[in-house]
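In: Model the following, please.
(2 chains)
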There are 2 protein chains.
Amino acid sequence: MYFGVDIGGTTVKIGAFSDGKLLEKWAIEVDYNNLDAMLDLITNSIKKKSQVVDGIGVGCPGFIKNGRVESSPNIPCLVNVNLVEEIQKRIDTRVGILNDANAAALGEAKYCGLSNCLFITLGTGVGGGLVVNGKVLEGAHGAFMEIGHLHNDDVYNFTCGCGHKGCVETLSSALGMINIAKSLKGKYETKLQEGFSVKDIFDLAKELDPLATACVDIFVNYLGKALANACILVDPGVIILGGGISNAGNYLLDKVCVAFKKYALDVIKDTRIILAALGNDAGIYGDYYLVKETGENE
Amino acid sequence: MYFGVDIGGTTVKIGAFSDGKLLEKWAIEVDYNNLDAMLDLITNSIKKKSQVVDGIGVGCPGFIKNGRVESSPNIPCLVNVNLVEEIQKRIDTRVGILNDANAAALGEAKYCGLSNCLFITLGTGVGGGLVVNGKVLEGAHGAFMEIGHLHNDDVYNFTCGCGHKGCVETLSSALGMINIAKSLKGKYETKLQEGFSVKDIFDLAKELDPLATACVDIFVNYLGKALANACILVDPGVIILGGGISNAGNYLLDKVCVAFKKYALDVIKDTRIILAALGNDAGIYGDYYLVKETGENE
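Out: Modelled structure (predicted):
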């Protein structure tokens, strides 16, 4: 049996796979300040499910290169850790590790039968992964396709968590949507209540609420611009939109396609843009594919 | 003997290689409106040099995918042509074909012993190529790393040849430098004469000419921004600057490094930026490496 482990913002999600199928999935709560305790909990949880562990794939946020996590925002215990070795100390099996957005990219690509694609995750921030010839690219610093920090805007110029201004995720993420809504507040009529969510904005925009519509238009315009810029650099042929915000579905997709075509160079205008298929399971699927295929190539 | 063929803006450059060394190079003039005549001239020129042709690598401008040139700006006869087949009709040997900037990228990478790098050519326009694990990436439309058309500027907003505004090459190319100089004319004192070249601007900037210095500062600032944006997407670890403008040497390089660091995300700030080693021969070297290695992998 293979296991995919997705170390997420608040919980660790684990999937058990056999013969290419997800048999079972569950989540465990761990202490992100204690590496040994966290890894003991994860590996014990796996051992309980199966005595035979053919491989473990792990996805986690941060900059990862050759099995080592250089740093991981929001997970203090994951700094300069060789996670492959640490897990193998506990379970003697094949272990692979990927950045979480890269894992989701690999998961979606393989699940959809695509050898080449750009995966974009629209959540609290914006992440991405590029799959070329069936492999996800890591880059020299594990920073391949950190599209959330592509400079994309000189008009709103919101400050990003990275310290720079105008990054993609200052507008086209959940945090970005809040930035936009705050900056437009009072300029449009709206039924939007205090304490609104991004889902509220999309729901109201579908009902033509003026403020919500203006927010979505800005969000989508800059997302289309970012995708066109990414495509002129990495020409993926297909873009898959995932992450929580992609739950806005075809309403979002149709608008993104229009914005993309506005900014795209002629030669890449026919790049297909589709919605992700695996939802929150993309990560564990990608973790599984990573370690499964590494094994097959041995 | 292997041959590298670089179909350039005005002439076709050919190099003869053996045992990894460039033995001889020469240029021929061809008619870019007549495919058959052009290919006859190229292949006859090769046959005259050697009876044994182990392989021919070809680089040409345009969008190329799987041996087929979809379109090539400025070379009217290269539209929807399977150049591999056309050449093999004339010489029965292994033939490889790449976009010219991709060929130069492969040439510089292999010559410098780099398995991973981003090559940028600064000439009339701006082109690029990404080498990952020793292979240059083509993309779904042969448009990988068309960095000249990355949207990069909302301030000067010059119109690009592609029809969009604010592309990288509207500022950070030879054409861009002319755009900048024209827009600043009369605002600074200068010794720059009518009919100036980009080399004149760099030469005068080194002497602190006010207009020339202002031009170089803008050119370099936007180039640094473009490189930082490219690196946050493809994280190459090393950037090689080539093309005619890179002849400005360390004066240019030092300024580009400063501008790059200003825009780069922390994790990629230590990306090395170096000057190209092969000058105008990068293309024929890349064409050679392409076909040489394809042969070795068979």
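
In: So which bits of the stretch 1-150 of chain A are right by chain B?
Out: A:63, A:70, A:116, A:132, A:137-147, A:149-150 (Cβ under 8 Å from any Cβ of the partner chain). The C-beta positions use only the backbone N, C-alpha and C, and glycine is treated the same way.

In: Take these and keep only those in helices.
Out: Residues of these located in helices (DSSP state H): none.

In: ok, the biggest helix by length in chain A near chain B or not?
Out: Looking across chain A with DSSP H, the single longest helix is helix A:210-234. Yes. Using Cβ under 8 Å from any Cβ, a contact is recorded between helix A:210-234 and chain B, made by A:225, A:228-234.

In: can you give me the offset of that helix from its chain's centre?
Out: Centroid separation for helix A:210-234 versus its chain: 17 Å, with Cα atoms, centre = their mean, to the nearest Å.

In: what helices or strands is that helix leaning on?
Out: Here helix A:210-234 touches strand A:117-122, strand A:126-132, helix A:174-184, helix A:198-206, helix A:249-263, helix B:210-234, going by 3 or more Cβ pairs under 8 Å, 6 or more residues apart in numbering or on different chains; DSSP states H and E.

In: Run through chain A and note the low-pLDDT ranges.
Out: For chain A, applying pLDDT under 70 flags the ranges A:295-298.

In: circling back: what are the buried residues along the longest helix of chain A?
Out: A:210-216, A:218-234 (16 or more other Cβ atoms under 10 Å in any protein chain shown).

In: now stretch A:121-135
Out: Of the residues in stretch A:121-135, A:121-132 count as buried by neighbour count, 16+ other Cβ under 10 Å.

In: Among those residues, which one sits closest to chain B?
Out: Distances from chain B to the buried residues of stretch A:121-135, taken as Cβ to the nearest Cβ, are shortest for A:Val132 (6.2 Å).

In: list the contacts for the closest one?
Out: A:115-116, B:132, B:137 (Cβ atoms under 8 Å, 6 or more residues apart in numbering or on different chains).

In: May I see the PyMOL selection of the buried members of the residues you listed?
Out: The command below creates a PyMOL selection of those among the contacts of A:Val132 that count as buried (16+ other Cβ under 10 Å):
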select buried, (chain A and resi 116) or (chain B and resi 132+137)
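
In: would you turn the contacts of A:Val132 into a markdown table with distance to B:Phe202?
Out: Below are those laid out as a markdown table (distance: Cβ to Cβ, whole Å):
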| residue | distance to B:Phe202 |
| --- | --- |
| A:Ser115 | 44 |
| A:Asn116 | 40 |
| B:Val132 | 32 |
| B:Leu137 | 31 |
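
In: show me the contacts for A:Ser115.
Out: Going by Cβ under 8 Å, 6+ apart, the list of residues near A:Ser115 reads A:109, A:131-134.

In: Take the residues you listed and lay them out in TSV including distance to B:Lys187.
Out: Below are the contacts of A:Ser115 laid out as TSV (distance: Cβ to Cβ, whole Å):
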residue	distance to B:Lys187
A:Ala109	51
A:Val131	48
A:Val132	46
A:Asn133	50
A:Gly134	53
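
In: Mind checking what secondary structure A:Ala27 has?
Out: strand (DSSP: H, G, I helix; E, B strand; the rest coil).

In: Give me the nearest residue to it, chain neighbours excluded.
Out: A:Thr11 (4.4 Å; Cβ to Cβ, 6 or more residues apart in numbering or on different chains).

In: The one you found touches A:Asp31, doesn't it?
Out: No. A:Thr11 lies out of contact with A:Asp31 (Cβ atoms under 8 Å); the separation is 11.6 Å.

In: ok, A:Phe261 to B:Lys89 distance?
Out: Heads up, residue A:261 is Lys, not Phe. A:Lys261 sits 39 Å away from B:Lys89, going by Cβ to Cβ, to the nearest Å.

In: Contact residues of the stretch 151-298 of chain A facing chain B?
Out: A:151, A:154-155, A:162-164, A:225, A:228-238, A:263, A:265-268, A:271.

In: now with 6 Å?
Out: Counting by Cβ under 6 Å from any Cβ of the partner chain, the residues of the stretch 151-298 of chain A close to chain B are A:151, A:154, A:162, A:229, A:232-233, A:235, A:237, A:265, A:267-268.

In: Which stretches in the stretch 1-150 of chain A count as strands?
Out: For the stretch 1-150 of chain A, the strands defined by DSSP state E, counting those that start in this stretch occupy A:2-7, A:12-18, A:21-28, A:55-60, A:63-65, A:68-71, A:81-82, A:94-99, A:117-122, A:126-132, A:135-136.

In: And the closest residue to A:Thr159 other than its chain neighbours, its phi and psi?
Out: Spatial nearest neighbour of A:Thr159, excluding adjacent residues (Cβ to Cβ, 6+ apart): A:Lys165 at 5.4 Å. Per-residue torsions, A:Lys165: phi -110, psi 150 (degrees, to the nearest 10).

In: Can you report how many residues neighbour A:Lys165?
Out: When neighbours are counted by other Cβ atoms under 10 Å in any protein chain shown, A:Lys165 registers 14.

In: do A:Asn280 as well
Out: If we define neighbours as other Cβ under 10 Å, then A:Asn280 has 15 of them.

In: Please apply the same query to the one 5 residues further on.
Out: Burial of A:Tyr285, expressed as a neighbour count using other Cβ under 10 Å, amounts to 27.

In: Now do the same for it: helix, strand or coil?
Out: Quick answer, by three-state DSSP: A:Tyr285 is helix.

In: I'd like to know how far it sits from chain B.
Out: Here A:Tyr285 is placed at a distance of 23 Å from chain B (Cβ to the nearest Cβ, to the nearest Å).

In: if we can go back for a sec, nearest to A:Gly286, of the contacts of A:Ser115?
Out: Within the contacts of A:Ser115, proximity to A:Gly286 (Cβ to Cβ) peaks at A:Ala109, which comes in at 8.2 Å.

In: pretty sure the closest one contacts A:Asn133?
Out: No. A:Ala109 is beyond contact range of A:Asn133, at 10.6 Å (criterion: Cβ atoms under 6 Å).

In: what about the closest residue to A:Arg94 other than its chain neighbours, distance to chain B?
Out: In space, and not counting its chain neighbours, A:Arg94 is closest to A:Gly55: 4.0 Å by Cβ to Cβ, 6+ apart. When distance is defined by Cβ to the nearest Cβ, A:Gly55 is 23 Å away from chain B.

In: Correct me if wrong: A:Gly55 contacts A:Gly4.
Out: No. Taking contacts as Cβ under 6 Å, A:Gly55 lies outside contact range of A:Gly4: 9.6 Å.

In: Who are the contact partners of A:Leu98?
Out: A:Leu98 sits next to A:59, A:290 when contact means Cβ atoms under 6 Å, 6 or more residues apart in numbering or on different chains.

In: same question, the one 4 residues further on
Out: A:Asn102 sits next to A:129, A:136 when contact means Cβ under 6 Å, 6+ apart.

In: quick revisit: mind checking which of A:Gly55 and A:Gly4 has more residues around it?
Out: A:Gly4 (30 against 22).

In: gap between the more buried one and B:Ala27?
Out: Counting by Cβ to Cβ, the gap from A:Gly4 to B:Ala27 is 56 Å.

In: now do A:Ala140
Out: For A:Ala140, the distance to B:Ala27 - Cβ to Cβ - is 36 Å.

In: Of those two, which one has the most company?
Out: A:Ala140 (21 against 13).

In: For the more buried one, which non-adjacent residue is spatially closest?
Out: B:Gly237 (2.8 Å).
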